[in-house]
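[1] what's the 3D shape of this:
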Amino acid sequence: MGYTYEIIRRRLLAIMFTIIAICALAVVGMAQMAKVAHFHELNALHLQASDALRTLMQDSAPGLPSRDGLRQAVAQVRTQSFACLREIGWLERQEIRWLGAMPLLSLCEEDVAQADRILALIDAHAAGSIGASAFATEISGATRAFFDRSNTFIAPVAVVGSAVRRWVMVGMIGIGLIAIAFVVGIVRRINGAVTQLHHANESLAASELRNRQLALYDRLTGLPNRNLFIDRLDQAIANAQRAHGVLAVMFVDLDRFKNVNDSLGHDAGDELLAVIGGRLLNVVRDTDTVARLGGDEFAIILNQIAHANDPSRIAQRMLDVVSTALEIDGVETQVSASIGITLYPQDASDGATLLKNADLAMYEAKSHGRNGYRFYSHGSDENTRLRVRTEQLLRRAVAAGQLRLHYQPIVDLGSGATIGAEALLRWQHPEDGLVFPDSFIALAEETGLIAEIGIWVLDAALAQCTLWRTGNPDFAMAVNVSVRQLRDPTLIDQLTALLARHAIPPGNLHVEVTESLFLSGDDVALSTLHILGEMGVVLSIDDFGTGYSSFGYLRQLPFRILKIDRSFIRNVPESRDAVAVASAILSMAQALNLKVVAEGIETERHRGFLRTMHCPLGQGYLFSKPRPAEEFDPEHRFAIDLAPAVAH
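    Got it, this is the predicted structure:
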């Protein structure tokens, strides 16, 4: 389209120049015709002068006119011819030659020459040098010649006029044809551009329709999306207000939907969402709205509730249809849902607050065991205020110096030597005292504060490791890193700078990744783990066995340490099942050439069993609780009980 417009612009410029050329040609033509008219005027004066000379000669016959009268008449003839020659410059001479009218110049030159000769004869006659008879003959011949040349002058002037008119007409017609050609080209281009514009408008209309569909409806389920849901909710509130009615807003969140994605894949998860969306739609009336807000979250508007128990009845039906098993890729799959319910106008009078209340009630349902529903209460709101207050304090925790690190030793189970430590985060809360990470890490993840906190932990832990390596150069520092941190594109550069600043070899840093957090198939996080492994940082998978797809990720990612979750150590060696699981994990790790750290060692029987199973490293309260740096001895060697543990 832009190319077409450029061509049209160029052709319009060409037409403009063509019009200028036509105007210039017309001006030149008019100028030439003015010259032709002037030549006619000069010729008329010349004819008058010639006629006056002839009349003078006739009136004085049979004698001669007076010499003064004769000189004056001949001079008048000469004046007209000379005026013609004087007004013809070099340019006019070239135009006359080009137009084929050179006789004009010849006639004028002959007139001037003959007039000069007659004037000389008059002077000679006055001096007596020429006789009266010869003089009369010359004068009579000149008079006829002047008159004849005056008549002859008309023809070449007419030739010039005709030639000028002809060439001007030919030029204007030619230029006009060129202009018409340009105009025709422009019309064709404009027609083509209009056609293209029409097609473009049709495509734009279709695109706008698709965009509107995408803007208002969920592509996966075909249900209204958040934007359309909010619009319908506002309309429903307005209708309920006019009718003094009641409506309910429900927030539905699937329980453990992530397990489906992790075990069956995202395509299976998408299929499940589409089926669940259809089932929810079948539960409600045509006047109600079911929308997908995103992920595994759905929202419902129940218009004009007639009975107080209608929301409860519909919520229970939704729980039933969601929990009905379905088959995906040949695998029977079953999920449940948690539902939050809020009412208009009892709980709120605007859409945003109603949706927030339903969301809070949904979290109440999850906290009470999932697969159920809860109505919004002011207790839910109190939990929200507490959460906001905690977030505000947590945002100030780093700058206020309220974060602390405690260290738990990692012990060689064979020698009892301390080979490293795990850095564990604590928060010196201004109101609640020392707070453990379970109370605030999830909030830090949701709010994005985990990035700032995580860098602080790495910096503080590496600084402490530098001090402890003076007595033990092989001392290792283990730090937990969340999946949110692994998604941060600046993590690698920041960690590289920290290792350089604290002069820590990459191999002395153990990055622990909690299995249940990172096994989401996140490409950015997985790529970051690969880069860390290539840098020489030791990768450790924490709480092994509590998540999904563990064995697959052990093969794909460059892990060098596997930490057995404390839940598998708690009941050994008394429980045969616990012994079997722990033994299987140890055997698998040894086959994959992974170093194993057993967590949760609290008794000598735990340690004895693990030494019997050739587990090299361990952590637990048997050795030490996590302690501040000033209470931690990096060179401590723990006593070894060589008595073997016996499994029952």
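[2] since we're on Leu539, how many residues are nearby?
    18 (other C-beta atoms under 10 Å). In this view, the C-beta of every residue, glycine as well, is placed from N, C-alpha and C.
[3] which residues touch it?
    Leu539 makes contact with 510-511, 513, 529, 532-533, 557-561, according to C-beta atoms under 8 Å, 6 or more residues apart in numbering.
[4] what about burial for those, which qualify?
    Buried members of the contacts of Leu539, scored by 16 or more other C-beta atoms under 10 Å, are 510-511, 513, 529, 532-533, 557, 559, 561.
[5] between those, which is closest to His198?
    Nearest to His198 among those is Leu529, at 53.9 Å by C-beta to C-beta.
[6] what's the model's confidence in stretch 561-570, averaged?
    Mean pLDDT, computed over stretch 561-570, is 91.
[7] Flag every buried residue along it.
    For stretch 561-570, by 16+ other C-beta under 10 Å, it's 561-566, 568-569.
[8] one step back: tell me the least confident of the contacts of Leu539?
    Leu557 (79).
[9] mind listing what the closest residue to that residue other than its chain neighbours touches?
    Of all residues not flanking Leu557 in the chain, Leu529 sits nearest, at 5.4 Å (C-beta to C-beta, 6 or more residues apart in numbering). Shown in contact with Leu529 (C-beta under 8 Å, 6+ apart): 486, 513, 518, 539, 557-558.
[10] sorry, back to before: among the buried ones among the contacts of Leu539, which ones are in strands?
    Among the buried ones among the contacts of Leu539, the members falling in strands are 510-511, 513, 559, 561 (criterion: DSSP state E).
[11] Identify, from those, the entry nearest to Leu70.
    The closest of those, once distances to Leu70 are taken by C-beta to C-beta, is Val511, at 130.0 Å.
[12] wouldn't the closest one be in contact with Asp542 here?
    No - at 9.8 Å, Val511 does not count as touching Asp542 under the criterion of C-beta atoms under 8 Å.
[13] What are the boundaries of the helices in the stretch 51-200 of the chain?
    In the stretch 51-200 of the chain, the segments counted as helices under DSSP state H, counting those that start in this stretch are 67-87, 90-99, 103-127, 132-216.
[14] Worst mean pLDDT among the ones you listed?
    Looking at these, the weakest mean confidence is helix 90-99, a mean of 65.
[15] what's the closest of the contacts of Leu529 to Gly433?
    Of the contacts of Leu529, the one sitting nearest to Gly433 (C-beta to C-beta) turns out to be Val513, at 29.6 Å.
[16] Now tabulate the buried residues of stretch 561-570 in CSV and tack on distance to Met613 and secondary structure.
    Output for the buried residues of stretch 561-570, formatted as CSV (distance: C-beta to C-beta, whole Å; DSSP: H, G, I helix; E, B strand; the rest coil):
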residue, distance to Met613, secondary structure
Ile561, 17, strand
Leu562, 13, strand
Lys563, 15, strand
Ile564, 10, strand
Asp565, 16, coil
Arg566, 16, helix
Phe568, 12, helix
Ile569, 11, coil
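[17] how about low-confidence regions in the stretch 501-648 of the chain?
    515-523, 545-553, 641-648 (pLDDT under 70).
[18] Surely Pro506 and Gly533 touch.
    No - Pro506 is not in contact with Gly533 according to C-beta under 8 Å; the separation is 9.7 Å.
[19] returning to that earlier point: how close does the residue nearest to Leu557 get to Leu486?
    Applying C-beta to C-beta, to the nearest Å, the value for Leu529 to Leu486 is 7 Å.
[20] what's near enough to touch Ile441?
    Contacts of Ile441 (C-beta under 8 Å, 6+ apart): 425, 450, 482.
[21] just curious, which of these is nearest to Thr390?
    Looking across the contacts of Ile441 and measuring by C-beta to C-beta, the closest to Thr390 is Ile450, at 14.3 Å.
[22] Retrieve the pLDDT associated with the closest one.
    At Ile450, pLDDT is 89.
[23] Any figure for the gap between it and Asp267?
    Taking C-beta to C-beta, one finds Ile450 at 30 Å from Asp267.
[24] got it, and Phe632?
    49 Å.
[25] These two: who's more crowded?
    Phe632 (18 against 11).
[26] Quick check: nearest residue in space to that one, chain neighbours excluded?
    Tyr407 (4.7 Å).
[27] Show the secondary-structure elements that the helix or strand encompassing Arg426 is packed against.
    Arg426 belongs to strand 418-429 when elements are defined using DSSP states H and E. Packing partners of strand 418-429 (3 or more C-beta pairs under 8 Å, 6 or more residues apart in numbering; DSSP states H and E): helix 378-397, strand 403-412, strand 433-435, helix 450-468, strand 476-480.
[28] For the third one, what is the distance to the chain centroid?
    What it means is strand 433-435. 46 Å (C-alpha atoms, centre = their mean, to the nearest Å).
[29] May I see the buried residues of it?
    So, applying 16+ other C-beta under 10 Å, buried residues of strand 433-435: Val435.
[30] what pLDDT, on average, does the helix or strand following it get?
    As assigned by DSSP H and E, the chain's next helix or strand after strand 433-435 is helix 441-447. The predicted model assigns helix 441-447 a mean pLDDT of 77.
[31] Dump the C-alpha coordinates for helix 441-447 into PDB.
    What follows is helix 441-447, C-alpha atoms only, in PDB (Å, rounded to 0.1, in the frame of the first residue of the first chain):
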ATOM      1  CA  ILE A 441       8.600 -17.700  52.200                       C
ATOM      2  CA  ALA A 442       5.300 -18.500  50.400                       C
ATOM      3  CA  LEU A 443       4.400 -14.800  50.700                       C
ATOM      4  CA  ALA A 444       7.800 -13.700  49.500                       C
ATOM      5  CA  GLU A 445       7.400 -16.000  46.500                       C
ATOM      6  CA  GLU A 446       3.900 -14.600  45.600                       C
ATOM      7  CA  THR A 447       5.000 -10.900  46.000                       C
END
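[32] and it, which residues are buried?
    441, 444-445.
[33] what do you get for stretch 270-281?
    271-277, 279-281.
[34] Over to stretch 331-342?
    For stretch 331-342, by 16+ other C-beta under 10 Å, it's 333, 335, 337-342.
[35] Mind putting the residues you listed into CSV with secondary structure?
    Shown next, in CSV, are these (DSSP: H, G, I helix; E, B strand; the rest coil):
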residue, secondary structure
Thr333, strand
Val335, coil
Ala337, strand
Ser338, strand
Ile339, strand
Gly340, strand
Ile341, strand
Thr342, strand
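[36] pLDDT check: weakest of those?
    Thr333 (84).
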